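Trainee: Let's see this in three dimensions:
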Amino acid sequence: MSEKNREYGLATAEVTNQLRQEVLAGTFAAGHRVRISDVAARFKVSAMPVREALRTLEAEGLLQMEPNKGAIVRPVDEEFVRNIYDVRGALEALMVERACLNMNFEARRALEAIQESIDDAAAAENSQELLRLNSDFHRKINSLGANSEAERLQELNQNIILALRRQVGFRPGRLQSIAQEHHLILKAMFSRDLAETVALCRMHVVSARDDLIASIRAKKA
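Mentor: Residues are numbered from 1 along each chain as shown. So this is what the prediction gives:
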């Protein structure tokens with residue numbers, strides 16, 4: 001990769017991440033128009049990285065592209081959170097079922113190692129480390145699912161959830177619950193019990209959704 005392309009990629013990632021955080025934090029009201037020229041001037045970059053960032057955030061559902069208006073901020077409310085978790089639940093059910101069928105000893109050892117680190121992070125109440133490890137855990141399962149389009153959609157979905165979590169955190173006891181739910185999912189996966197694996201995965205998603213909504217409400221209170 002050339003130095004120019006590397007700098008372009010870094011600029012795009014920086015603009016995307018910052019705008020995502022600002023939209024989710026409510027810095028921009030719903031309906032706010034995001035102007036390319038304003039963002040480019042603020043970040044001291046050309047228009048191209050900004051356009052790429054806006055396309056990414058549109059794909060994630062945070063922005064809407066409207067004719068003659070450009071990028072418009074969508075409302076990030078409880079309905080939005082429920083919707084993204086509905087999508088997540090459907091995709092995770094698909095991927096975990098496929099991963100269950102494709103499980104092998106190498107993947108099992110990798111998942112067990114990640115889960116051991118998750119247990120340590122939960123015990124230490126280290127939410128940031130647990131967030132990182134949780135992403136690794138689900139990416140490993142998704143890679144076993146062997147569906148690149150589903151993986152892409154999951155990654156977009158995960159970006160939103162991570163940004164929200166970094167702002168509002170978790171409710172008391174949730175980190176330990178995540179670890180416990182993972183253990184149940186792994187046990188079912190390693191037994192190749194497809195129905196139990198999918199059921200546990202869906203409950204895991206619902207628990208995460210409800211905790212995030214409760215955390216958002218607590219933050220606003």
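
Trainee: Tell me how far the helix or strand hosting residue 110 lies from the chain's centre.
Mentor: Using DSSP states H and E, residue 110 sits within helix 105-123. Between the mean C-alpha location of helix 105-123 and the chain-wide mean there is a distance of 19 Å, by CA atoms, centre = their mean, to the nearest Å.

Trainee: and residue 139, how many neighbours does it have?
Mentor: Neighbour count for residue 139, taken as other CB atoms under 10 Å: 15. C-betas here are computed from N, CA, C, even on glycine.

Trainee: For it, give its distance to residue 51.
Mentor: 27 Å (CB to CB, to the nearest Å).

Trainee: and what of residue 171?
Mentor: In terms of CB to CB, residue 171 sits 38 Å off from residue 51.

Trainee: what's the answer for residue 66, then?
Mentor: According to CB to CB, residue 66 stands 15 Å off from residue 51.

Trainee: Check residue 200 too.
Mentor: Note on residue 200: its distance to residue 51, by CB to CB, is 41 Å.

Trainee: For the spatially most central residue of the chain, give me its contacts.
Mentor: Closest to where the C-alpha atoms of the chain average out (CA atoms, centre = their mean) is residue 158, at 1.2 Å. When contacts are counted by CB atoms under 8 Å, 6 or more residues apart in numbering, residue 158 touches 135, 138.

Trainee: next one: residue 118
Mentor: Per CB under 8 Å, 6+ apart, neighbours of residue 118: 130, 133, 134, 137, 178, 179, 182.

Trainee: these two touch, right, residue 78 and residue 216?
Mentor: Yes: at 7.3 Å, residue 78 counts as touching residue 216 under the criterion of CB atoms under 8 Å.

Trainee: neighbour-wise, which of the two wins?
Mentor: Neighbours were counted for residue 78 and for residue 216 using other CB under 10 Å; residue 216 has more, 18 against 12.

Trainee: Appreciated, that's everything.
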